[in-house]
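> sequence first, predicted model second:
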Amino acid sequence: FDASYIQVWGQAEKEITPDEFYLSVTINEKDSKGKISIQTQERAMLDALKKLGVDTQKQLRVVDMSSEYFKKGNALAWKQFQLKLNTPEQVAQVFGSLNDLGISNVSMEKVTHSQLDQYKNEVRIAAMKSAQTNAQTLAGAIGQKAGKCFYIYDSNNNVMPVFYDNMAVMRSAKAMGVAEDAAADEPLDFKTIKLQYNVQAKFVLE
C-alpha cells in the first residue's frame, strides 16, 4: 500500500446481567437405596417446581436416562433433566426445594443471556468505532486526518469468560436448607457476563 496510513486498536466492553440459568438435575434411586422409585421422585419434583412458578412443560426437559428405567429388574434407575430458570432468586428456591426432597444431584450448567448474540454484535461495532476515533485523534495531533479504512482485523473468537460464582450458588443452597425463608429473600451473587472485543484497523492518512 503506497499511501501513508495509521494503524490503531479499538476496544469496547459491556457487562450484562444474566437472565437464563440452566441447571442439571439428576434423580437417582441410589439416593434412597432403591426405596423411592424414579417415578415417585419425578412427581414430587414436578409438584415442587410448579409451586415455585416453573412451567415444567417449557422449562424442563429430559436429557438422559438409564436403560434400567424401562426394566423391572433389580438394577437402580436414574434420570437426568435440564431445567431453565430466569432469575437468581428462582435458582436459590429450586436448589432449596429439591434439597428438601432429597434430590441433591443438582448443578449449574450454564448462565447466559437471551439476547447475547445481539449484545456481542453491539460491542464489536463499538470496538470498531473506537478504532476510528483513536485514528482520528492521533492523526489530528499531527495536523492530518484519518481517511478511508482499508484494513480491519477482528481477532475475536467466541469470548465468554467465567461469569458466575458456582460457590455462591452452593452456599445459598445450603443456606436454604437451614433457613429457607430468610435465604429466599437474598439474591445469589451471580457475576455479570462481561463481553470484551478488540479490533485492529488501518486508515489512510490525509
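All right, it came through fine.
> tell me where the protein has helices.
Remark: helices of the chain, listed N- to C-terminal, are 38-51, 56-59, 88-100, 116-141, 166-178, 180-184; assignment by DSSP state H.
> pull the number of nearby residues for residue 56.
As a burial measure, the neighbour count of residue 56 was computed by other Cβ atoms under 10 Å and equals 14. C-beta coordinates here come from the backbone N, C-alpha and C atoms, glycine included.
> from residue 98, how far off is it?
13 Å (Cβ to Cβ, to the nearest Å).
> let me know the pLDDT of the nearest residue to residue 154 once chain neighbours are set aside.
Taking Cβ to Cβ, 6 or more residues apart in numbering as the measure, residue 154 lies nearest to residue 199, with 5.3 Å between them; neighbours along the chain are not counted. According to the prediction, residue 199 has pLDDT 96.
> near residue 199, how many other residues are there?
As a burial measure, residue 199 scores 23 neighbours (other Cβ under 10 Å).
> just residue 125 next, same as before
13.
> that one and residue 134: what is the separation?
As for residue 125, its distance to residue 134 is 15 Å (criterion: Cβ to Cβ).
> look at the residue positioned nearest the centre of the chain and report its pLDDT.
Per Cα atoms, centre = their mean, the C-alpha nearest to the average position across the chain is that of residue 111, at 1.7 Å. At residue 111 the predicted local confidence, pLDDT, stands at 88.
> hang on, isn't it packed against residue 192?
No. Contact status for residue 111 versus residue 192: not in contact, 10.0 Å apart, counting by Cβ atoms under 8 Å.
> which ones are touching residue 131?
Taking Cβ atoms under 8 Å, 6 or more residues apart in numbering as the criterion, residue 131 is in contact with 8-10, 199-201.
> roughly how far does the closest residue in space to it that isn't next to it in sequence sit from residue 206?
If the residues on either side of it in the chain are set aside, residue 131 comes closest to residue 10, at 2.7 Å by Cβ to Cβ, 6+ apart. Distance from residue 10 to residue 206, counting by Cβ to Cβ: 19 Å.
> quick one: which of these two has more around it?
Counting neighbours by other Cβ under 10 Å for residue 10 and for residue 206 shows that residue 10 has the greater number, 21 against 11.
> and that one, how far from residue 63?
Distance of residue 10 to residue 63, given as Cβ to Cβ: 41 Å.
> for residue 155, same thing?
Distance of residue 155 to residue 63, given as Cβ to Cβ: 35 Å.
> over to residue 89?
Counting by Cβ to Cβ, the gap from residue 89 to residue 63 is 25 Å.
> before we move on, back to that, my guess is the residue nearest to residue 154 contacts residue 128, does it?
Yes. Using Cβ under 8 Å, residue 199 makes contact with residue 128 at a distance of 5.3 Å.
> shared neighbours, those two?
Both residue 199 and residue 128 are in contact with 10, 152, where contact means Cβ under 8 Å, 6+ apart.
> low-confidence stretches in the chain?
Residues of the chain that meet the criterion pLDDT under 70 lie in 1-2, 31-34, 67-76, 157-189.
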